[in-house]
Structures are given as C-alpha cells and as structure tokens.
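# starting from these lines, generate the structure:
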Amino acid sequence: MGVWLTTQFKLQVNEVGTAMLILGLGNLTGNIVGPRLVKKLGYMYSFYVGIFVLAGLYVILPYLKHILLVELFFFILFLLQEFYLYS
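Below is the predicted model of the structure:
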C-alpha cells in the first residue's frame, strides 16, 4: 500500500505513515465496535453484508483521485474487515 500511495499520490514517507495510522484507527474501531454490531445485526446478515460491501469498496479504491477519500476508504475498509471477522 505504501508504494501505491507514493506512486499514485506522490506522498512522502511521513504522509504514508499518516495514512497507515488512519488505517490502524479503522482497525481499532472495528475491534471495539464489531462484536457489538454483529450481535445486534445477526451473524449471517453481518457476514453477507460484510463480504459485499468490502468487495465493492475494494473495486472502487483504485479509482479514487483524492488522498482524503483514499484515507476515508482505508478507515472504512479496515473497520468493516474487523466487523466482518467477528461474523
């Protein structure tokens, strides 16, 4: 991901680090919130929604042109991956 961010958006090392920090915050948030949401929504629903939403987001990700949108997608992707793992 770091190489992609550097070549696509001409980011410096510290900016790539910031993007990875946002990715990690999504991961942490998913770890905290994920189990509660899965219990509330149900395992099967969470599983299928997680698969389809993640697939859609990964298809869209390479076409994003603004780094803020990419970082937002990183946050959402890793939040949902943790949510999906609990289902």
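# can I get the helix or strand of the chain with the lowest mean pLDDT in CSV, CA atoms only?
For the chain, counting by mean pLDDT, DSSP states H and E, helix 67-85 ranks last in confidence among helices and strands (a mean of 88). In CSV, the C-alpha atoms belonging to helix 67-85 read as follows (Å, rounded to 0.1, in the frame of the first residue of the first chain):
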residue,chain,number,x,y,z
ILE,A,67,-6.0,11.3,-0.9
LEU,A,68,-8.6,12.2,1.7
LEU,A,69,-11.1,9.9,0.0
VAL,A,70,-8.4,7.1,0.0
GLU,A,71,-7.8,7.6,3.7
LEU,A,72,-11.5,7.6,4.4
PHE,A,73,-11.8,4.3,2.4
PHE,A,74,-8.9,2.9,4.3
PHE,A,75,-10.7,3.7,7.6
ILE,A,76,-14.0,2.2,6.4
LEU,A,77,-12.3,-0.9,4.8
PHE,A,78,-10.4,-1.9,7.9
LEU,A,79,-13.3,-1.1,10.2
LEU,A,80,-15.5,-3.4,8.1
GLN,A,81,-12.9,-6.1,7.9
GLU,A,82,-12.8,-6.3,11.7
PHE,A,83,-16.6,-6.2,11.7
TYR,A,84,-16.7,-9.0,9.1
LEU,A,85,-14.1,-11.1,11.0
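# tell me how far it lies from the chain's centre.
Offset of helix 67-85 from its chain centre (Cα atoms, centre = their mean, to the nearest Å): 2 Å.
# likewise stretch 45-60?
Distance, centroid of stretch 45-60 to centroid of chain: 11 Å (Cα atoms, centre = their mean).
# and if you look at stretch 56-68?
For stretch 56-68, the distance to the chain centre is 11 Å (Cα atoms, centre = their mean).
# in it, what's buried?
Using 16 or more other Cβ atoms under 10 Å as the test for burial, stretch 56-68 gives Ile67. The way it works is simple: take the backbone N, C-alpha and C, and place the C-beta from them, glycine included.
# pull the residues that contact stretch 5-14.
Around stretch 5-14, the neighbours that count as contacts under Cβ atoms under 8 Å, 6 or more residues apart in numbering are Glu15, Val16, Ala19, Ile67, Val70.
# understood, closing this out.
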